[in-house]
Structure formats: C-alpha cells, structure tokens
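Colleague: quick one, fold the following:
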Amino acid sequence: MNAINLKNQIYTGADGRQSLIDLTIPENFNNQLMVFIHGYMGYKDWGCWNLVEKYFTDLGFGFCKYNVSHNGGTIENPIDFPDLEAFGQNNYSKELFDLQSVLNWLETQFQSLPSITLIGHSRGGGIALLTALDSRVDKVVSWAGICDIEKRFPTGSELKVWKTQGTRYVVNGRTNQKMPNKYSQFEDFETNKDKLNIQSVCETSKKPTFLIHGDADTSVELEEGKNIAGWRRTRLFEIEEADHTFGSAHPWNEDHLPEHLEKACFLTVSFLAIEGL
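Modeller: Below you'll find the model as predicted:
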C-alpha cells in the first residue's frame, strides 16, 4: 500500500468527545501496525513518543498513536491540559472505549487491517492488556504497565474524604496544575470491576504478550510487571537502572532516544521478530 502520514487527525472517543490521532505507514511497510497508548497525564506527543514512532517506522512498521479523549487536552491545545473538567471525568472504562474507537477508526483507513500490536506505557499498558481479547489485536506489549486498577485508588479514610468532597487533586510536576479526579472514577471502577480485572484477562488471553519494566521504576513498581508475567506465564524483561519513562522526559530536545528507551524499542522488535513478522 502507499505510504501514509496523517498527523493530528480527529477521532471520536468516549462520551462523543473528539481527540487527536496520528497514523504513519512507511513505504516499506511490513504489514505490522503498532498502536501506542500513552499513560496517565500523558499524550501522544509527550517526550520521546515521536522518536519512538520514528524508530519503528524506519524499520518498516506502521505506527498509530492517539490522545485518550479525556486526558485534559483539546483539539486546539493537546499538550497543556486546558480542559481540567474533562480530565476529572476520565476513567478506565472511557479509555477502553477510546481504544475501541481507535481500532474502529483504523478499520476505515485500510481495506483490510494489518497485524496489530498494542504497545501501552504505564496506565496505557493496563488498557492494552485489557484489550487483548479483541479479535483485531494480534499481540500486546506492556512498557512499565500497571497490573491492578484497584490499587490506583485510595482506601480507608482517604477514600471516604474523596467521596465526601467529590474531587481529589494530583499535582502535575511539569505544569504545576492541580489535576482533578472526580469520585465518579472510583464509582465507575466499582460498577465495572469484572471488565477492568487485568489479572482475569491476562489469565484468559492467548495472545503473544511482551513485558518490559525498569528495575528503578518508582511510579509502577517492578513487582507489578512480575505479577503480569506470572498471570501470562511469560517472561518479564527487566532493564537495569531504567526508571518509569526509560530515561525520557518532557520536553525532550535531543534527536535520539535515551539509552533505556531505545533498548525497550529494540527488545520489542526482537519479540515481534520471534513471533513472526
């Protein structure tokens, strides 16, 4: 097929909210399409994600990345979280809906879908793992992915305070914004516990799954990667001294990937080669 370079296209995600999506298909396309899912307080153009895209497309892979619909960005300003009301209303069910919407959008871009590999980072890793049972997905890759949604929420008196006040706040270290989280996020989890059970899906899925985690990750502990590996009965690849973002940051002003993130990309390509391109 012909090369494709679509940047900042629009798809419709959860609650009919529009968000941005990119799709790159190189001239030497190998019929392997990677769909990248960013993490909490993330977006498709954060840090090194554009360099990650280039790494894979230079090798012949297609690459799609998108902003989840309620990440706080807008069509006009997708980076600086101008819509904190939308951010506060986000939840895991909405992010699962967004990924379904992205897969639907991709079906309109191809006469027949290529082989699809989901790559999720952090919270996005959990969303990728939860979507493994979708028939359009062939393989799943988790980079520092979460293993348990319930442990993302407070407990005890802190949970009671959240319920009473209705909103709790997390400071964004980059923008210094107080990012709101509505109590409705926890209510959605309670309502949808079964479909949001990462362990259950991992134990059910037969899709090839590749797991990478930095052993210096302080945001999502290495033990979470080990749990996923146990449920999937597969190996966890640990990158020594790698942090949660594998050495990347925002803004990223270099023209090359940090060492640990490049290793994550290399290991991912090696996994796909073993599974058969």
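Colleague: which residue ranges form the strands in the stretch 101-250 of the chain?
Modeller: With DSSP state E, counting those that start in this stretch as the definition, the stretch 101-250 of the chain shows strands at residue ranges 115-121, 139-143, 167-171, 178-182, 209-214, 236-239.
Colleague: out of those, flag the one nearest residue 157.
Modeller: With Cβ to Cβ, the closest approach to residue 157 among the strands of the stretch 101-250 of the chain belongs to strand 167-171: 12.6 Å. In this view, the C-beta of every residue, glycine as well, is placed from N, C-alpha and C.
Colleague: name the strands paired with the closest one and say parallel or antiparallel.
Modeller: For strand 167-171, sheet partners with direction are given as strand 178-182 (antiparallel), following DSSP bridges.
Colleague: how about the partner strand: buried residues?
Modeller: Along strand 178-182, the positions that meet the burial threshold by neighbour count (16 or more other Cβ atoms under 10 Å) are 179-182.
Colleague: ditto for stretch 27-37
Modeller: Buried residues in stretch 27-37, counting neighbours by 16+ other Cβ under 10 Å, are found at 29, 32-37.
Colleague: distance from the chain centre to stretch 116-126, please.
Modeller: Taking Cα atoms, centre = their mean, to the nearest Å, the mean C-alpha location of stretch 116-126 is offset from the chain mean by 4 Å.
Colleague: start to end distance for it?
Modeller: 17 Å (Cα to Cα, to the nearest Å).
Colleague: likewise stretch 139-158?
Modeller: The first residue of stretch 139-158 is 38 Å away from its last residue (Cα to Cα).
Colleague: next: stretch 55-66.
Modeller: From start residue to end residue, stretch 55-66 stretches across 17 Å - Cα to Cα.
Colleague: quick one: mean pLDDT over it.
Modeller: pLDDT averaged over stretch 55-66 equals 98, rounded to a whole number.
Colleague: what ranges do the helices span in the protein?
Modeller: In the chain, the segments counted as helices under DSSP state H are 49-58, 84-89, 92-107, 123-130, 156-165, 184-191, 198-204, 222-232, 259-275.
Colleague: still on that earlier bit, just put the strands of the stretch 101-250 of the chain in a markdown table and tack on distance to residue 127 and mean pLDDT.
Modeller: Written out in a markdown table, the entries for the strands of the stretch 101-250 of the chain read as follows (distance: least, Cβ to Cβ, whole Å; pLDDT from 0 to 100):
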| stretch | distance to residue 127 | mean pLDDT |
| --- | --- | --- |
| strand 115-121 | 6 | 98 |
| strand 139-143 | 10 | 98 |
| strand 167-171 | 19 | 97 |
| strand 178-182 | 17 | 98 |
| strand 209-214 | 14 | 98 |
| strand 236-239 | 19 | 98 |
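Colleague: make JSON lines out of these and add distance to residue 88.
Modeller: What follows is the strands of the stretch 101-250 of the chain, written out as JSON lines (distance: least, Cβ to Cβ, whole Å):
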{"stretch": "strand 115-121", "distance to residue 88": "22"}
{"stretch": "strand 139-143", "distance to residue 88": "26"}
{"stretch": "strand 167-171", "distance to residue 88": "6"}
{"stretch": "strand 178-182", "distance to residue 88": "4"}
{"stretch": "strand 209-214", "distance to residue 88": "29"}
{"stretch": "strand 236-239", "distance to residue 88": "33"}
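Colleague: tell me the most buried of these?
Modeller: Here the criterion is mean neighbour count by mean count of other Cβ atoms under 10 Å, and of those the winner is strand 139-143, at a mean of 28.
Colleague: from the buried residues of stretch 27-37, which is closest to residue 171?
Modeller: The shortest distance between residue 171 and any of those, using Cβ to Cβ, involves residue 37 and amounts to 23.6 Å.
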